[in-house]
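>>> Quick one: sequence and predicted model below, then my questions.
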Amino acid sequence: MIGLGHFLTLSAILFGCGVATILTKRNAIGILMGVELILNAANVNLVAFNRFSWAGEAVAHGAAPAVDGLMFAMFIIVLAAAEAAIALAIFLNFYNHFSTIDIERARMLSG
Amino acid sequence: MTRWCIAAILALHIVSFFTRVVRVLLAQQPPTLDPVAPWLFYLFAGVAVLGALGVVFSQQIVRMAVFLLFTLGSVAMLYFFLAAEFLAAIQLIVYVGGTLILIIFGVMLTSKNPFIRLTVPVPQRIMGWGIGVILTALMIFIGVVELANKLPLSSPTGDVEPYGVADLGRNLLGKYALPFELAGVLLLVVMIGAAYIAKGRHTDLKSEDSR
């Protein structure tokens, strides 16, 4: 049967792929994709924990099921969209100045 | 000789680790998703993992975007298994329909040739993959082998009512009202900031000249 461990394994693999993507890409947009993968892994964890901490007794007595994990996941999705928009604006500006998207050329930005 | 011994010991450890993980997963403790067919989970999880691996190993940015599309779509399908139907719809609309399109726009606007290859040196690449594998193994070990069966989990048996949108809305305007408002302010700031940053210097100078 499918339990919590399966979802934790999936999210761990997605997280590892995201970290490896961030570490091995020179294209700035590729790094952004790695960040999206990591945020998605966190979301899978949150939703899975929410589902498996279902307070069955309380729900049977009329209480609404707890949805805190889903709320956290929704806010993470909002933050991911905002972060992607800002990062792409910065990359566009960077491309206008350097005519490349290679982050090796971004050493000047460190001041 | 020593090198081969170390490699053999490492391989032995890796094999024993994976057999242990598979054993734990196959003997999953009672709170399980009863109504879900296991092969359906394995299908979507497999597509998600293959997409993520494609993102890691592909060198062309457009292919990476397509692999990311597969991963995000399968994760949305997995949310259906977890009774989070509204979140699955949000994932499809915002991630696949919004963020991914934004990323593809970024690819189009920032490269003269979308199939351009920017590669990192091989040692750095191997180090990055190694760090990813080590972190994955660590998280699986802590989360699945050590922790998952010791948590006070509970899950209803049989068919499950999905989480209602009404509950989410009540929480959004009650318990989570402040983060909700902050998210609204954040989106406004991001919209203005992104428009300002992406405008660039040239238009700035021109408008000052015309004055």
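Structure received. Numbering: from 1, shown residues only, chains lettered A, B, ... in the order given.
>>> what's the neighbour count on residue B:141?
Residue B:141 has 15 neighbouring residues, counting by other CB atoms under 10 Å in any protein chain shown. Glycine gets a C-beta too; all of them are placed from N, C-alpha and C.
>>> Next one: it relative to chain A, how far apart?
Separation of residue B:141 from chain A (CB to the nearest CB, to the nearest Å): 9 Å.
>>> Looks like that residue contacts residue B:17 (just checking).
Yes: the pair residue B:141 / residue B:17 is scored as a contact, 7.3 Å apart, by CB atoms under 8 Å.
>>> Determine the number of other residues adjacent to residue 26.
Went with chain A since none was named. Count around residue A:26 with other CB under 10 Å applied: 19.
>>> hmm, I had chain B in mind actually
A count of nearby residues for residue B:26, using other CB under 10 Å, gives 9.
>>> Next: residue A:87.
19.
>>> which ones are touching it?
Taking CB atoms under 8 Å, 6 or more residues apart in numbering or on different chains as the criterion, residue A:87 is in contact with A:28, A:32.
>>> if you set the cut-off to 7 Å instead, what comes out?
Residues in contact with residue A:87 (CB atoms under 7 Å, 6 or more residues apart in numbering or on different chains) are residue A:32.
>>> cool, the one 5 residues further on as well?
Residue A:92 makes contact with B:109-110, B:198 under the criterion CB under 7 Å, 6+ apart.
>>> so can I have CSV of the residues you listed showing distance to chain A and pLDDT?
Formatted as CSV, the contacts of residue A:92 follow (distance: CB to the nearest CB, whole Å; pLDDT from 0 to 100):
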residue, distance to chain A, pLDDT
B:109, 6, 84
B:110, 4, 81
B:198, 4, 80
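>>> With neighbour count and secondary structure added, can I get the residues you listed in JSON lines?
Formatted as JSON lines, those follow (neighbours: other CB atoms under 10 Å in any protein chain shown; DSSP: H, G, I helix; E, B strand; the rest coil):
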{"residue": "B:109", "neighbour count": "15", "secondary structure": "helix"}
{"residue": "B:110", "neighbour count": "21", "secondary structure": "coil"}
{"residue": "B:198", "neighbour count": "17", "secondary structure": "helix"}
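>>> Columns distance to residue B:134 on top of the residues you listed, output as JSON lines?
JSON lines is the format used below for the contacts of residue A:92 (distance: CB to CB, whole Å):
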{"residue": "B:109", "distance to residue B:134": "36"}
{"residue": "B:110", "distance to residue B:134": "32"}
{"residue": "B:198", "distance to residue B:134": "37"}
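>>> which one of the residues you listed sits closest to residue A:2?
residue B:110 (40.8 Å; CB to CB).
>>> That closest one contacts residue A:95, correct?
Yes: if you go by CB atoms under 7 Å, residue B:110 and residue A:95 touch, sitting 4.4 Å apart.
>>> who touches both of those two?
In contact with both residue B:110 and residue A:95: residue A:101, using CB under 7 Å, 6+ apart.
>>> Can you tell me which residue is spatially central in the chain?
By default, I'm working from chain A. residue A:39 (0.9 Å; CA atoms, centre = their mean).
>>> hm, I was asking about chain B
For chain B, residue B:72 is the residue whose C-alpha lies nearest the centre (CA atoms, centre = their mean; 6.9 Å).
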